[in-house]
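[1] Generate a structure from the sequence data that follows.
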Amino acid sequence: MNQLTQMELAHLEELLSMEVLAAKKYRIYSRQCSDKELIPLFEEARELHRQRVDGLLQLLRKHNGKSKKAH
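    A predicted model of the protein is given here:
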């Protein structure tokens, strides 16, 4: 696979930041929610975003994009 351009790496890092933020928000929502039916939905959404974070981190590492973001 070809190397990613600087712009593509920047876009991936921005997407990574958004996914990390979404995962954090869903964690907060699930902790603050009192509706027992909604909590699993928030947790499921959080896990989806965490999986996306993991995938983006793998992609960035593969292409030597040294991201400082953590989840």
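[2] Pass me the low-pLDDT residue ranges in this structure, would you?
    Confidence mapping of the chain against pLDDT under 70 gives the ranges 1-2, 64-71.
[3] could you point out the longest helix in this protein?
    Taking DSSP state H as the criterion, the chain has its longest helix at helix 6-32.
[4] How far away from the center of its chain is that one?
    4 Å (CA atoms, centre = their mean, to the nearest Å).
[5] Give me the buried positions along that helix.
    Judged by neighbour count using 16 or more other CB atoms under 10 Å, the buried positions of helix 6-32 are 9, 12-13, 16, 19-20, 22-23, 26-27, 29-30. Any C-beta I mention is one placed from the backbone N, CA and C, and that applies to glycine too.
[6] ok, now stretch 44-54?
    Buried residues in stretch 44-54, defined by neighbour count with 16+ other CB under 10 Å: 45-46, 49-50, 52-53.
[7] Please name the residues that touch residue 12.
    Each residue near residue 12 by CB atoms under 8 Å, 6 or more residues apart in numbering is listed here: 4, 56, 59-60, 65.
[8] Columns secondary structure, neighbour count and distance to residue 40 on top of those, output as JSON lines?
    Converted to JSON lines, the contacts of residue 12 look like this (DSSP: H, G, I helix; E, B strand; the rest coil; neighbours: other CB atoms under 10 Å; distance: CB to CB, whole Å):
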{"residue": "4", "secondary structure": "coil", "neighbour count": "17", "distance to residue 40": "36"}
{"residue": "56", "secondary structure": "helix", "neighbour count": "22", "distance to residue 40": "25"}
{"residue": "59", "secondary structure": "helix", "neighbour count": "16", "distance to residue 40": "29"}
{"residue": "60", "secondary structure": "helix", "neighbour count": "19", "distance to residue 40": "30"}
{"residue": "65", "secondary structure": "coil", "neighbour count": "18", "distance to residue 40": "34"}
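[9] Grab the two from these that are most spread out in space.
    The largest separation in the contacts of residue 12, counting by CB to CB, is between 4 and 56 at 12.0 Å.
[10] circling back to that earlier point, just curious, which of the contacts of residue 12 is nearest to residue 36?
    Nearest to residue 36 out of these is residue 56 (CB to CB; 31.7 Å).
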